[in-house]
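[1] What shape does this take:
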Amino acid sequence: MHIQFFRYVMVGGLASLIHLLVAYMYLYYVEYSLFLSNTIAFFVAFAYSYSNQTLYVFRRKISLINLAKYLIVQLIMITVAVLIIDNISIYNYYIKTVFVLIIITPTSFLLHKFWTFM
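    Numbers count the residues shown, from 1 in each chain. As a prediction, the model looks like this:
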C-alpha cells in the first residue's frame, strides 16, 4: 500500500507538472485563455497519467473498461477544475492552476483506487 501511494505521488506529481507546464506554455506562447490552456494540458497529462497509473501504480493491463472509467473520473475532475477556476476569488491565473492541481490530484487518486482500478 505504501509503495503504491509513493508511486502514485510520483506519477501524479509528474502529471501535475506536465499539466502546469503545458498550461503555462499555452498561456504564454499561444493565447491567454485559462480555459483552453487547462483543457489542452488536461489531455496531455491524461495520456501520460493513464498509461503510468495503469501499468506502474496499479499494475493493471490497459483496457477499454479501465480507460472508460479513467476518462469518466478525469472528465469529472476537469469539470470540478473549471468550476473552481470560475468561482475562486484569486485573480492570478497561475495560482488558480496550482490550486486546482492541489484539489484534483488526491481526489482523483481516491476515485481511481476505489473505482477505476478496483
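[2] confidence score at residue 111?
    What the model reports for residue 111 is a pLDDT of 93.
[3] what's near enough to touch it?
    Neighbour list for residue 111: 73, 76 [criterion: CB atoms under 8 Å, 6 or more residues apart in numbering]. Where you see a C-beta, it was placed from the backbone N, CA and C, and this is true even at glycine.
[4] hmm, try it at 7 Å
    residue 73 (CB atoms under 7 Å, 6 or more residues apart in numbering).
[5] For residue 75, see how far away it is.
    Look at residue 111 and residue 75: by CB to CB, to the nearest Å, they are 11 Å apart.
[6] Angles on the backbone of residue 32, please.
    Main-chain torsions, residue 32, degrees, to the nearest 10: phi -90, psi 70.
[7] ok, it - how many residues close by?
    10 (other CB atoms under 10 Å).
[8] Equivalent analysis for residue 91, please.
    For residue 91, the neighbour count with other CB under 10 Å is 7.
[9] so which strand or helix has residue 98?
    Using DSSP states H and E, residue 98 maps to helix 93-111.
[10] So which bits of that helix are buried?
    By neighbour count on 16 or more other CB atoms under 10 Å, the buried set for helix 93-111 is 93, 96, 97, 99, 100, 101, 104, 105, 108, 109, 111.
[11] Pick out whichever of those sits closest to residue 80.
    Proximity of those to residue 80 (CB to CB) peaks at residue 104, which lies at 6.8 Å.
[12] Verify the contact between that closest one and residue 75 for me.
    No. Here residue 104 does not reach residue 75: they are 11.9 Å apart, not a contact under CB atoms under 7 Å.
[13] quick one: contacts for residue 34?
    85, 93, 96.
[14] To clarify, my last question referred to residue 104.
    Per CB under 7 Å, 6+ apart, neighbours of residue 104: 77, 80, 81.
[15] Most neighbours among those residues, please name it.
    residue 81 leads those on contacts (other CB under 10 Å) with 23 neighbours.
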